[in-house]
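Asker: Pasted the sequence and its predicted model underneath.
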Amino acid sequence: MEKGVSVAVLTVSTRSSAGLREDTSGPAVCALVEQKLGKVVRYAVVTDAVEAIRGELLKACDELKADVVFTLGGTGLAPTDVTPEATASVIERPVPGISETLRAKSLEKTKTAMLSRGIAGVRGTSLVVNMPGSEKAVRESFEIVLPVLEHAVELIHGRVKDCGRSNA
Amino acid sequence: MEKGVSVAVLTVSTRSSAGLREDTSGPAVCALVEQKLGKVVRYAVVTDAVEAIRGELLKACDELKADVVFTLGGTGLAPTDVTPEATASVIERPVPGISETLRAKSLEKTKTAMLSRGIAGVRGTSLVVNMPGSEKAVRESFEIVLPVLEHAVELIHGRVKDCGRSNA
Amino acid sequence: MEKGVSVAVLTVSTRSSAGLREDTSGPAVCALVEQKLGKVVRYAVVTDAVEAIRGELLKACDELKADVVFTLGGTGLAPTDVTPEATASVIERPVPGISETLRAKSLEKTKTAMLSRGIAGVRGTSLVVNMPGSEKAVRESFEIVLPVLEHAVELIHGRVKDCGRSNA
């Protein structure tokens, strides 16, 4: 499976959703996916509201059965930042190490990384990963998780028969 | 906003609460707050019991509307250590990166840091942060979170209009 | 208390449980325990199913009252990997720092460590620690947690009177 991963990209931003700010993060991740990982099967911009985010996550996981779902934004401390809560309400098995690693790596560059509340987890055969919202941050986050994504997808689909030698 | 953060400091220790041990950690944090961050609006010493801790947290968050609430102690593995459980029962949005960072930084100095069970999160407009109990540990913890606290408070109060360039 | 810790070792692997693959991880940890930590009071191989894992955890914690319970395997992303879910259903107080540290240290060697979903926590007087499944990974994980285990057990049993100088 080379570059065969199907990906949904979900920008969470009330301002971008209302056309008040151009979403540069979503297109940046879409381009990175097409270049390095696979195929973008869904790109949407949604408002900062649990039900709206949740609806898009369910669509990406259950209808489109995307292998990977990236959310961009809504992970901070502002009252409107509820992406982690929406994500927690749909994932079946948490994968805390992805978010721990995103924060730890980001923390080497900027102390505010410790305020990012992103989570990650599996729903069905989809891996959902919350990323911060800025284009710079999503580019960095993408590169951090990229090396493990194809293996993660293989595992989730039960296509790895024996992980006796894996460290996961 | 310089040094304008309102802070509640809550020492959790049955022994200090009963007057059997002087609480040096609480006064140390209070002094650091006044010197570097803002104003102490509440300092209390409470027993290691979920309801007692919970009551003080609700008072600090809902009545006093403290911007930041530091708890000191009760985060270890002793049967009486229940500060994280009391905290989890009041916070609305977890901020896992703060506790991950406190542990990771502390781990560079002492391996027992991995046993600290502290959590952090937002309730209303208050950021609650569990710290370990020793004076040395609270001093170190304070310095680790200090650089992001004013920004965190601004975000929680919705006073940052556009965090498109933030990494949180 | 030297080498006085009682330990249960639980290998979680449907293949090993069915005799389709030799369990080398379990015996490796048992040997390390006897050599460096204490006494193995239970070693079992169980299938990748929540109820089966849960049953063994309850036996180790509530009946055998093992000081430490190591689970090996079932922490990845495969559909059958449910050790963290079984563990979460029995622990009373989470100890997130142990799993964060296991992943962070392992991540220095292999990027797939970020996919390990292991958790840790206390039930009664037992500390349960999820480890990955491979022999190499469990050997590394054991060495990482070893330095804090005796202290952890002392704390859990309430045998440390004053942890004012501890960083936990």
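Answerer: Yep, that arrived.
Asker: List the contacts of the lowest-mean-pLDDT helix or strand in chain A.
Answerer: Least confident element among the helices and strands of chain A, by mean pLDDT, DSSP states H and E: helix A:14-17 (a mean of 94). Residues from elsewhere that reach helix A:14-17 (CB atoms under 8 Å, 6 or more residues apart in numbering or on different chains): A:21-23, A:26, A:45-49, A:80, B:162. C-beta: built from backbone N, CA, C; applies to glycine.
Asker: Quick one: those residues as a markdown table, columns for secondary structure too.
Answerer: Formatted as a markdown table, these follow (DSSP: H, G, I helix; E, B strand; the rest coil):
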| residue | secondary structure |
| --- | --- |
| A:21 | coil |
| A:22 | coil |
| A:23 | coil |
| A:26 | helix |
| A:45 | strand |
| A:46 | strand |
| A:47 | coil |
| A:48 | coil |
| A:49 | coil |
| A:80 | coil |
| B:162 | coil |
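Asker: List just the nearest of those residues to chain C.
Answerer: residue A:26 (23.7 Å; CB to the nearest CB).
Asker: what's the closest non-adjacent residue to the closest one?
Answerer: residue A:11 (4.0 Å; CB to CB, 6 or more residues apart in numbering or on different chains).
Asker: Remind me which helix or strand the one you found belongs to.
Answerer: Counting by DSSP states H and E, the element that carries residue A:11 is strand A:5-12.
Asker: From the contact counts, what lies against that strand?
Answerer: Identification of packing neighbours for strand A:5-12 by 3 or more CB pairs under 8 Å, 6 or more residues apart in numbering or on different chains; DSSP states H and E yields helix A:25-36, strand A:38-46, helix A:50-58, strand A:68-72, helix A:135-156.
Asker: for the helix or strand following the shortest one, packing partners?
Answerer: The one in question is strand A:68-72. Sequence order places helix A:83-88 as the next helix or strand after strand A:68-72, per DSSP H and E. If you count contacts as 3+ CB pairs under 8 Å, 6+ apart, helix A:83-88 packs onto helix A:50-58, strand A:120-123, strand A:126-131, strand B:93-94.
Asker: check whether the second one contacts chain C.
Answerer: Think strand A:120-123. Yes - using CB under 8 Å from any CB of the partner chain, a contact is recorded between strand A:120-123 and chain C, made by residue A:122.
Asker: so where's chain A uncertain?
Answerer: Along chain A, the parts satisfying pLDDT under 70 run over A:1-3, A:161-168.
Asker: hmm, 80 instead?
Answerer: A:1-3, A:160-168 (pLDDT under 80).
Asker: how much space between residue A:57 and residue A:50?
Answerer: Applying CB to CB, to the nearest Å, the value for residue A:57 to residue A:50 is 10 Å.
Asker: So for stretch A:12-22, what gets flagged as buried?
Answerer: Buried residues in stretch A:12-22, defined by neighbour count with 16 or more other CB atoms under 10 Å in any protein chain shown: A:12-17.
Asker: Stretch A:119-133 now?
Answerer: A:119-123, A:126-133.
Asker: Just give me how far that stretch sits from the chain centre.
Answerer: A distance of 5 Å separates the centroid of the chain from that of stretch A:119-133, by CA atoms, centre = their mean, to the nearest Å.
Asker: Show me which of the buried residues of stretch A:119-133 is closest to residue A:69.
Answerer: Ranked by distance to residue A:69 (CB to CB), the buried residues of stretch A:119-133 are led by residue A:128 at 4.5 Å.
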